[in-house]
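**Student:** Requesting a structural model of the entry that follows:
(chains A and B)
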Amino acid sequence: MNLFKSGDLLAFVIPVGLILVWQALSSAGYLAPEVLPAPTAVALAGWRLATSGELWTNIAISAWRAGVGFLIGGGIGFAFGLANGLSKLSERLTDPTIQMVRTIPHLAMIPLVILWFGIDETAKIFLVALGVSFPIYLNTLHGVRTVDAQLVEMGRAYGMTPVELFLKVVLPGALPSIFVGLRYALGIMWLTLIVAETISASSGLGYMAMNAREFMLVDVVVLSILIYALLGKLADSVARWLERATLSWHPAYIAR
Amino acid sequence: MTARTFSARLLSPRGLAAAFAPASAPKPQLRAAGGRGASVTLRGFSKSFGPKQVLKKLDLHAPAGQFIAIVGKSGCGKSTLLRAILGLDQPTDGVVTVADQPPTSDSARIMFQEPRLLPWARVLDNVLVGVRGLGKIEAREAALDALRKVGLGDRAGEWPSVLSGGQKQRVALARALVSRPRLLALDEPLGALDALTRIEMQNLLERIWQKQGFTAVLVTHDVSEALALADRVIVLEDGGVSLDLTVDLPRPRRRGSPGIARLEGQILDRLFGAADRDAPTDLHGDLAQELYA
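**Tutor:** Here you go, the predicted structure:
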């Protein structure tokens, strides 16, 4: 357990070290404030925005967009992944189309999406949903497909109903692969949202950064980027925690 | 380690013997069981896969409670026969009945060559897969009881991945037996185990079969295993029964006893015929030629 704790601390050595070096270089005058403001300046900007409430509303609106888009896109990808993994008919019908749409870089849709939805919430949610659905779809499909056929046969021979077979054999068997898709999708979720907000928005973290650029508030731009990193890490940690909680049977997760 | 704990359990007075005593078993009433075992009857049974006819007009009757072994070369239709008895496959022609009824997934249980445990379910939950139509508490009791019978009562909360191959197969046995089936189908269940574990499992299987009195159909390519366990050995060849041998030896049988050796010779003769028996000599000839070439 001791080892585990020190290992946890070990993860902080590099980020903290980088901030110290950065601060030292700024204080010594090697880094011009209009290029890269000192960590203290960024922290101060953070404090200023936090007390005015601007920071929280922007984080909240971004998180809301990310969450809704993720749920919609993830839900659609998951549903199609399950359907196409379980039914040959469904797969023949929809998979070729999905694979075709998948090859379009979803950010290339931004001009079209703005024309369709303006710079409204719908545009951002649409883009996030689009980006997120494919990794979830692909990995769910792969997971369902690669469920051990011998276990399925066992379930049938032991009289499991189709619902039982799905809940007790297919879904748990597909879960490790689904989690791979989930973590990948979380990364795409942030990427899509920030790009969309940077290009066209009137609120949100991406908008805050773009707006700050217009006023040459470099400290706020840097703050925004750091917040992206923190939120991304947070989402990943939640996914990892979920993974560990549900895959505790997996030899790779036992006794860790 | 496994072997030692296992044999200790077999020998200790509170071990397996006690566990099998009817008094300690809360009897789940799964079906109105007249006798324990279910008879198995195949009449004019044929099965084809496309143009290939695997089994041709097979007639076979196993009375209730018999331990019957089916041996044959690979591809002779052993597993097809087993799947038909379990109701997993429909015959192309002919009739299969288990206890005079068409087979259903409830009438029999199967043990596969692999344990086929759900890796995401604890040992106890894996055994619970075999329970049908019981309340939650009764089901748990029945599953724990079945685990105790195979000597794994203390491993109920473990993940299957930490068990050894033999232990996994014992969990699979508990899962197969927890519903007190009247027919147990065994599809080479010990084939993947090491020789010592296999002997242990054979002993365990024999004891449980004697205690519970179900009908057992064992498919195997191991003739000595068939002879160690079965009342009757059927040799399948060219889609039909080519030898139906009653093994009238006292139990528990001693491996390598003259009686077993004699029957084994008889079966192997049937399987390989006189012409093939010369094959090893030929092989030696080839080897010698290669060596001296």
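**Student:** Need the nearest residue in space to the closest residue to chain B within the stretch 101-250 of chain A, chain neighbours excluded.
**Tutor:** The nearest approach of the stretch 101-250 of chain A to chain B comes at A:G159, 3.7 Å away (C-beta to the nearest C-beta). For every residue, glycine as well, the C-beta is placed using N, CA and C. Leaving aside its sequence neighbours, A:G159 sits nearest to B:S105 (C-beta to C-beta, 6 or more residues apart in numbering or on different chains; 3.7 Å).
**Student:** For the residue of the stretch 101-250 of chain A closest to chain B, give me its contacts.
**Tutor:** Residues counted as contacts of A:G159 (C-beta atoms under 8 Å, 6 or more residues apart in numbering or on different chains) are B:T104, B:S105, B:D106, B:R132.
**Student:** Make sure the residue nearest to A:G159 is indeed in a helix.
**Tutor:** No - the assignment for B:S105 is coil, going by DSSP: H, G, I helix; E, B strand; the rest coil, so no helix is present there.
**Student:** For it, give me phi and psi.
**Tutor:** With angles defined as degrees, to the nearest 10, B:S105 sits at phi -70, psi -10.
**Student:** what number of residues lie near it?
**Tutor:** 17 (other C-beta atoms under 10 Å in any protein chain shown).
**Student:** correct me, but it touches B:R83?
**Tutor:** No - contact criterion C-beta atoms under 8 Å: B:S105 and B:R83 do not qualify, at 11.7 Å.
**Student:** Can you tell me how far B:I68 is from B:T215?
**Tutor:** 8 Å (C-beta to C-beta, to the nearest Å).
**Student:** Identify the contacts common to the two.
**Tutor:** Residues within reach of B:I68 and of B:T215 at once, by C-beta under 8 Å, 6+ apart, are B:V40, B:A62.
**Student:** Show me which of the two is the more surrounded one.
**Tutor:** More crowded of B:I68 and B:T215, by other C-beta under 10 Å: B:T215, with 27 against 23.
**Student:** On the three-state scheme, A:R183 is what?
**Tutor:** Going by three-state DSSP: A:R183 is helix.
**Student:** Let me see the contact set for it.
**Tutor:** For A:R183, the contact set (C-beta under 8 Å, 6+ apart) comprises A:D236, A:A239, A:R240, A:E243.
**Student:** mind checking how far it is from A:K124?
**Tutor:** In terms of C-beta to C-beta, A:R183 sits 21 Å off from A:K124.
**Student:** pLDDT on stretch A:96-113, on average?
**Tutor:** Averaging pLDDT along stretch A:96-113 gives 91.
**Student:** Quick check: buried residues in that stretch?
**Tutor:** Under the neighbour-count criterion of 16 or more other C-beta atoms under 10 Å in any protein chain shown, stretch A:96-113 has A:I98, A:H106, A:M109, A:I110, A:V113 buried.
**Student:** Save those residues as a markdown table, and put in secondary structure and distance to A:M154 too.
**Tutor:** Formatted as a markdown table, these follow (DSSP: H, G, I helix; E, B strand; the rest coil; distance: C-beta to C-beta, whole Å):
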| residue | secondary structure | distance to A:M154 |
| --- | --- | --- |
| A:I98 | helix | 31 |
| A:H106 | helix | 41 |
| A:M109 | helix | 45 |
| A:I110 | helix | 49 |
| A:V113 | helix | 47 |
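**Student:** check contacts around A:T103.
**Tutor:** No contacts exist for A:T103 under C-beta under 8 Å, 6+ apart.
**Student:** which of the buried residues of stretch A:96-113 sit farthest apart?
**Tutor:** Largest separation among the buried residues of stretch A:96-113 by C-beta to C-beta: A:I98 and A:I110, giving 20.7 Å.
**Student:** Which stretches in the chain count as helices?
**Tutor:** All of this refers to chain A. Along chain A, counting by DSSP state H, helices occupy A:2-27, A:39-52, A:54-86, A:88-102, A:110-117, A:121-145, A:149-157, A:162-165, A:171-199, A:205-214, A:218-246.
**Student:** To clarify, I was referring to chain B.
**Tutor:** Using DSSP H, helices in chain B cover B:2-11, B:16-20, B:78-85, B:123-128, B:136-149, B:165-177, B:195-212, B:223-229, B:258-277, B:279-292.
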